[in-house]
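> can't give you the sequence, but here's the structure:
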């Protein structure tokens, strides 16, 4: 883990099921996350993903890269372009800073209309614990 390291991109298909399931799982029952007609009435072309689902996907992206022992210390994200059904969000990341076993990773999630999410994640990977990437490289 070094400053400047790039994380492999992760493509996430944005489906109606993902949007609605994420809203239900996070107890966000706002109609714009599950009811197309009411979303239209409020000026949206369709239902859209809530921030808690996005936050969970960002966390998954980081732990998929750094492995099951990684601990998310801080997630600071900002939403931009909505995630609508039928699109794909591509998460990318780069390590900005490393201090011992803790790294700050800049994350961007882009879809067909722009940047859906931007932010940073602070993650600790216990010293001596191989990351998923290092484990995969060792098997090649």
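Sure, I can see it. Just so it is clear, the structure is predicted and the values come from calculations on it, not from any experiment.
> what about the strands in the chain?
For the chain, applying DSSP state E gives strands covering 6-13, 71-79, 88-99, 102-111, 114-124.
> closest to residue 62 out of these?
strand 114-124 (5.0 Å; Cβ to Cβ). To be clear about C-beta, it is placed using only N, CA and C from the backbone, and glycine gets the same treatment.
> show me what that closest one is packed up against.
Where contact means 3 or more Cβ pairs under 8 Å, 6 or more residues apart in numbering; DSSP states H and E, strand 114-124 is packed against helix 51-66, strand 71-79, strand 88-99, strand 102-111.
> what sits against residue 19?
Going by Cβ atoms under 8 Å, 6 or more residues apart in numbering, residue 19 touches 33, 34, 47, 48, 49, 50, 53, 83, 85.
> can you count the residues close to the closest residue to the first one other than its chain neighbours?
Just to be clear, that refers to residue 33. Closest residue in space to residue 33, ignoring its immediate chain neighbours: residue 23 at 3.7 Å, by Cβ to Cβ, 6 or more residues apart in numbering. Counted with other Cβ atoms under 10 Å, the neighbours of residue 23 add up to 22.
> mind checking how far residue 23 is from residue 48?
To residue 48, residue 23 is 10 Å away according to Cβ to Cβ, to the nearest Å.
> quick check: neighbours shared by the two?
By Cβ under 8 Å, 6+ apart, the residues touching both residue 23 and residue 48 are residue 33.
> still on that earlier bit, between the helices and strands packed on strand 114-124, which gets nearest to residue 13?
strand 88-99 (5.4 Å).
> can you list the strands that the closest one pairs with?
strand 6-13 (antiparallel), strand 102-111 (antiparallel) (DSSP bridges).
> relative to the whole chain's centre, how far out is it?
Here strand 88-99 is found 10 Å from its chain centre; the criterion is Cα atoms, centre = their mean, to the nearest Å.
> got the angle between it and strand 114-124?
On the basis of axes from the mean of the first three to the mean of the last three Cα atoms, to 10 degrees, strand 88-99 is oriented at 30 degrees to strand 114-124.
> show the contacting residues for the residue nearest the centre of the chain.
Closest residue to the average C-alpha location of the chain: residue 58 at 2.0 Å, with Cα atoms, centre = their mean. Residue 58 makes contact with 75, 77, 91, 107, 109, 117, 119, 121, according to Cβ under 8 Å, 6+ apart.
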